[in-house]
Structures are given as structure tokens and as C-alpha cells.
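Asks: Provide a 3D model corresponding to the input given below.
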Amino acid sequence: MGETIRNILITGKPGRGKTTLIKKLAGELADLRPRGFYTEEIREGGKRKGFAIKGLDGRQRGILAHVDIKSPFRVGRYGVDVEGFEGFLYEIGDELFSGGIILIDEIGKMECFSKRFVEIIKRCLGVDIPFVATVSEKGGGFIGEIKRRSDVIIVSLTPENRDSMPERITRLIEEILRV
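Replies: Presented below is the predicted three-dimensional model:
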């Protein structure tokens, strides 16, 4: 007998609306008391300069990466503030597991520099509540590992299915909760 699917990973090319989908799901699934966080672009003068991280409830926020951050952890032109990100993760703490669903945007290279983040994602994948996360379309190591899990369904977000995806994900979550 196969493992029960409890985890939904949303993938897709950059700019397809993965973050928007997570925020929309948080609103539509408010009765489940969603916990989690999302990343948001930092723009200055019309140009992307970095990425902020924000709790779904708006209380926690921080900088994940920025062109002005000097760090040995880099993705492209962005320096990743691993220490600051881990501080954000400590602030969220066990509260992440106190709702009826966990929503995280995103599991990507920047985030995976943090050992704490990787441990949190492993824990999210193993809890008895639905876990929905966006994940890099490409990526080996930990990213590839979680995409190969038998208790995960991977959904690809495209321009063609973007409008119907909130309803599709909501139906999948309802099925998970019935099991």
C-alpha cells in the first residue's frame, strides 16, 4: 500500500504566479488557520534589488537576499542573509505547526542555504496536516529529494492553468483532509 499524499508542491517557471497563488490560498483557506510565509520582491527604481520574507499573518518579516548584502551565500547577484533568515524562522517557531495547513513560498536555492529551513521543511513534510509549498522547477540535492517523495504530489503552474489552480489546490486539500 502506498503512502498517503499529504504534501502538495507547486512548481513553475519564474513569474508564473506561484507567490500570488500561495497568498490567494491563504485567504481562501482562512478557516483552516493557515501558517507559513512567502517571499516578495524588493524593488527600487523599478528594478529588482532583492527578496523580502513575510509571515502569512504579517507579523514577521525580514530580508532574505539583496544585491547590497555581502555574503558567502550567493545566488546570481544576490547575497543571501542566512543568519537573518534563520532569525525569521526562529521567530515563527512552532507556531508554523499550530494551524490546520502550512503554506510556504518557496523552497529554493536561497532558502536551502539555511540548515534550519531544511529541517523545518523536513518536519512540514512529516506532519499530519496538509503542507503546500512552491518549489524551484530546477534543482538537485534537497530540492530534487523532496520532489521524489512518494507522499508528494507536484503541480505545475502555467499561464494556461493559473486561474483555475486555486480551486484545484483547494480540492486536493479537501481530499487530503478526508483521508
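
Asks: just the helices in the protein please.
Replies: 18-28, 82-92, 115-126, 141-147, 165-178 (DSSP state H).

Asks: what about Gly55, how many residues close to it?
Replies: Counted by other CB atoms under 10 Å, the residues lying close to Gly55 total 18. Backbone N, C-alpha and C define where each C-beta goes, glycine included.

Asks: That should have said Phe113, apologies.
Replies: 21.

Asks: Without its sequence neighbours, what residue ends up closest to it?
Replies: Of all residues not flanking Phe113 in the chain, Phe73 sits nearest, at 4.4 Å (CB to CB, 6 or more residues apart in numbering).

Asks: again with Lys109
Replies: Nearest residue to Lys109, sequence neighbours excluded (CB to CB, 6+ apart): Val75, at 5.2 Å.

Asks: That neighbour contacts His66, correct?
Replies: No: Val75 is beyond contact range of His66, at 11.4 Å (criterion: CB atoms under 8 Å).

Asks: more neighbours, those two?
Replies: Using other CB under 10 Å, the more surrounded residue of Val75 and His66 is His66, with 19 against 16.

Asks: Beta-bridge partners for Val75, please?
Replies: Beta-bridge partners for Val75, by DSSP bridges, are Tyr78.

Asks: Next, work out how far apart Val132 and Ile102 are.
Replies: Taking CB to CB, to the nearest Å as the measure, Val132 and Ile102 are separated by 7 Å.

Asks: Ile153 too?
Replies: Distance of Ile153 to Ile102, given as CB to CB: 15 Å.

Asks: Which strand residues bridge Ile10?
Replies: In beta-bridge terms (that is, DSSP bridges), Ile10 pairs with Thr134, Val155.
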